[in-house]
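1. here is a sequence together with a model predicted from it:
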Amino acid sequence: MQLREELVFHTSEGIGQILFNRPHKLQAFTRTMYERLLEICQEIQKTERVRALVLMGATEVAFSAGTDIAEFAELETVEDVLALEDFTDSVLDALERLPIPTIAAIAGVCSGGGLNLAAACDIRIAAPNARFSLPYGRTMANSLSAGSFERLHALIGAAHLRRLMFEGQPIDAARALTIGLVDEVVNDVGALEGKAGYIARLSISQAPLTLRATKEALLSLRSKVDRAKVREWQERCYASADFREAIDAFLNKRTPHLHGR
């Protein structure tokens, strides 16, 4: 099916690769793409055939611009929107909890939900053209989920997370490396896939139980947010006039007028 081709999965010699293949929308995720990613994670959990996983955009234009805002435009109630958020967060959780190393190879736009997806991976490498942002207050008037707050806080700490959220502007690969958002920046876009493959091959030469123990231990060390409080603010955001105004402005290619209500 055409929709399935927007997320392509293949394996070779124990290494899996997922390509986000929706370049005309900057690899923005549809629900169908999230569903397929969840299926892949479930398949990997059931077999030892895949021992490392690389995720990347099919072109150098974008890793992913996040969830397609058009997906939210179809939803009529706050409950519907929160259900979509809960589902996407469950997909990120499934990715994060895979018992194998996961590597995000990032070129171009890595924004919003795309950055949340990269944060759910174990290792992030970037091309020089990578750009990272959390433009929630500028594009959607919504909030990060509790899980995404936890992941990003574990990576870059409160100060850098505040700045990304409060400014809503992209940072380049060099800045992302400085704050710990990525682990390495390669020399050029052409070297990105090769470097990701090299890291994957190194990882599958390690003892699988050692890697799994490391992942579980680090997850257990991560600080936990007050999920009830985060949920309360998510509900307020999605019930707001600002949220609907932001979606309408995005779909009609205009600047939103946001008033905090």
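-> In hand now; what should we look at?
2. ok, and for stretch 38-51, which residues are buried?
-> By 16 or more other CB atoms under 10 Å, the buried positions in stretch 38-51 come out as 38, 40-41, 44, 50-51. Every residue, glycine included, has its C-beta placed from N, CA and C.
3. now swap in stretch 149-166 and tell me
-> 149-156, 160-161, 164-165.
4. from Met33, how far off is the spatially closest residue to Gly260 that is not a sequence neighbour?
-> The spatial neighbour of Gly260 that comes closest, neighbours along the chain excluded (CB to CB, 6 or more residues apart in numbering), is Asp242 at 6.7 Å. Counting by CB to CB, to the nearest Å, the separation of Asp242 from Met33 is 27 Å.
5. these two: which has the busier surroundings?
-> Met33 (23 against 20; other CB atoms under 10 Å).
6. what about the more buried one, which helix or strand?
-> helix 31-46 (DSSP states H and E).
7. show residues contacting that helix.
-> Helix 31-46 is contacted from outside by 3-4, 6-7, 9, 16, 18, 20, 22, 50, 53, 67, 71, 84, 87-88, 90-91, 94-95, 98-100, using CB atoms under 8 Å, 6 or more residues apart in numbering.
8. buried members of those residues into ChimeraX, please.
-> Buried residues among the contacts of helix 31-46 (16+ other CB under 10 Å), as a ChimeraX selection:
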select :6,7,9,16,18,20,22,50,53,67,71,84,88,91,94,95,98,100
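9. burial check on His10, number of neighbours?
-> 9.
10. ok, back up a step: which ones are touching the residue nearest to Gly260?
-> Going by CB under 8 Å, 6+ apart, Asp242 touches 141, 256, 258-261.
11. of the residues you listed, which is the most crowded?
-> Ala141 (22 neighbours).
12. list the buried residues in stretch 164-183.
-> Per 16+ other CB under 10 Å, stretch 164-183 contains these buried residues: 164-165, 170-171, 173, 176-177, 179, 181-183.
13. now render the buried residues of stretch 38-51 as TSV, adding pLDDT and distance to Pro208.
-> Below are the buried residues of stretch 38-51 laid out as TSV (pLDDT from 0 to 100; distance: CB to CB, whole Å):
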residue	pLDDT	distance to Pro208
Leu38	97	22
Ile40	97	19
Cys41	97	17
Ile44	95	13
Val50	96	11
Arg51	96	7
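14. fine by me, thanks again.
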